[in-house]
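> kindly return the folded structure for what I paste below:
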Amino acid sequence: MHTEYYDDIIIGGGKAGKTLAPALVADGRKTALVERSLNMIGGGCINVACIPTKTMVASAEVANTVRNSSVYGIETNAPTVDLAAVIQRKRTVVQSMREMNLHNLETALSHELIIGTGRFVAAKTIEVTTASSATRLLTAERFFINTGTRPLIPSIPGLTEVEFLTSESIMELEQLPEHLIILGSGYIGLEFAQMFRRFGCRVTVIGQSTQILSHQDADIAIAVQTLLERDGIEFLLLAKVLKVERSVHTTKLQLQVADSQKTIQGSHLLVAVGRAPTTDSLNLDAAGVAVDTHGFIQVNERLETNVPGIWALGDINGGLQYTHMSLDDNRIIKANLIDGGNRSTRNRLVPSCLFIDPELAHIGLTETEAQQQGYAIRVAKLSASNIPRAKTLGQTDGVMKAIVDTETGRILGCVILCYAAGEIISTVQMVMQAQMPYTVLRDGILTHPTMTEGLNMLFAKL
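Next comes the predicted model:
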């Protein structure tokens, strides 16, 4: 078979890969990007994760606003949710972004954008089976793996014999479930829980831990659960699924809940317990690339694998699974290989946001983590109901919480559960990155009335 030679090959066109490719080309490198499907151009975020879910979240929020419009002095009929129309809107948004990304990649790479599945056959050589079933052999000086993750399917007796939904397939439903049971009480499960509850479905969330959002402080987890329960979502925590079975139109789960067994049944089952790395098809053994016990590629602080000349970027390297994390991985590679810099993953401040209503945003350490790391801390908390803008919006649910180092006055962490939290957290992040004291936010002149103004009030608590 004829071998094709490149300077650089990127496997997977997620946020890191699709951003890095044009930069490598601009640097004069002969670069190929291998993406498994035209339907995945732009990566998981655009096609099966962030963008489609947040598009559907927006529809759910509209339904909720209409349902509660009388609070604002507007009388309307109860909303009728056309899930097929919601899904079509989602598809339209995704398609437009996919086409934009395809245009950008084709402009940068031309015919070096290769649609097909790649697998290593040697340390610096991959075999690509293209969409037309042709086989190509590609070799390069450097490889960048950016193949992302897929829904994790746990080993539960009977699960593979029943029809269950994942975070991807649930976004193709065109009829509303009567009763949606969700396995998983993390970010993915909670976003779909509130979404489908607001679409009008009965929703039950099953979690194994003592609290939802196991990485958050207990007070924040309880606050979130309380808000979701007020929406009508049911929770079963400390629950282990013993068996799953399907009869006619019903899925039945046998559970161990604390010290007793319980049976629950619903019309649909969503499995949302996390994400698994898509490394199994890469034949990494042929390249000698090391993975951890879960299959994630092991990297150092410069994103280098154990094999010189091979890097792993984004979700596949076992770090935090956020698109903005993948984008920053790209910045590290670009800085070190193109710009002559020396960047690493050390001390990265990584924000997160759970897109429920109200949003839950977080940066830095939790109160528990700060205590475990030995900091002397002060903690400030503010109910969102105290923020003037929240009152005008009728969005008074939630709380702001900040953890400050007593010795330096610097902000160690902040969690915001309120309207527009995903936007507000960026202001806190900038102060933390600049290593400025909390008094900058306490005493700064912030526009009135805005939700961000709540930061004045929060840090005045100290």
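
> mean confidence score for the helix or strand containing residue 361?
Element membership of residue 361, judged by DSSP states H and E, is strand 359-364. Averaging pLDDT along strand 359-364 gives 98.

> helices and strands around that strand, which ones?
Packed against strand 359-364 by the contact rule (3 or more Cβ pairs under 8 Å, 6 or more residues apart in numbering; DSSP states H and E) you find strand 352-354, strand 411-418, helix 421-433. (Glycine included, C-beta is placed from N, CA and C.)

> what lines up beside the shortest one in the sheet?
Here strand 352-354 has these sheet partners by DSSP bridges: strand 359-364 (antiparallel).

> do the same with the second one
Taking DSSP bridges as the criterion, strand 411-418 forms sheet pairs with strand 359-364 (antiparallel), strand 399-405 (antiparallel).

> okay if I get those strands as CSV plus mean neighbour count and distance to residue 335?
CSV is the format used below for the strands paired with strand 411-418 (neighbours: other Cβ atoms under 10 Å; distance: least, Cβ to Cβ, whole Å):
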stretch, mean neighbour count, distance to residue 335
strand 359-364, 23, 22
strand 399-405, 23, 29
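
> which one of these lies closest to residue 40?
Nearest to residue 40 among the strands paired with strand 411-418 is strand 359-364 (27.3 Å), distances taken as Cβ to Cβ.

> hmm, back to that, can you put the strands paired with strand 411-418 in a markdown table and add distance to residue 195?
Shown next, in a markdown table, are these (distance: least, Cβ to Cβ, whole Å):
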| stretch | distance to residue 195 |
| --- | --- |
| strand 359-364 | 13 |
| strand 399-405 | 22 |
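
> remind me, longest helix of the protein?
Ranked by residue count, the top helix of the chain under DSSP state H comes out as helix 83-109.

> buried residues in stretch 74-82, which are they?
Buried positions in stretch 74-82, judged by neighbour count with 16 or more other Cβ atoms under 10 Å: 79, 81.

> rounded mean pLDDT for it, please.
Averaged across stretch 74-82, pLDDT comes to 96.

> other residues contacting the strand holding residue 361?
213, 216, 220, 224, 349-354, 403, 411-422, 424-425, 428-429, 432 (Cβ atoms under 8 Å, 6 or more residues apart in numbering).

> buried ones among those?
Neighbour-count burial (16+ other Cβ under 10 Å) applied to the contacts of strand 359-364 gives 213, 216, 220, 224, 351-354, 403, 411-422, 424-425, 428-429, 432.

> what helices or strands is the helix or strand following the longest helix of the chain leaning on?
Under the assignment DSSP H and E, the closest C-terminal helix or strand after helix 83-109 is strand 113-122. Applying 3+ Cβ pairs under 8 Å, 6+ apart, one finds that strand 113-122 contacts strand 31-35, strand 125-130, strand 135-145, helix 284-287.

> off-centre distance for strand 113-122?
In terms of Cα atoms, centre = their mean, to the nearest Å, the centre of strand 113-122 is found 26 Å from the chain centre.

> tell me the buried residues in that strand?
Within strand 113-122, the residues scored as buried using 16+ other Cβ under 10 Å are 113-118, 120.

> repeat that for stretch 392-400.
So stretch 392-400, judged by 16+ other Cβ under 10 Å, has buried residues 395-400.

> cheers, nothing more for now.
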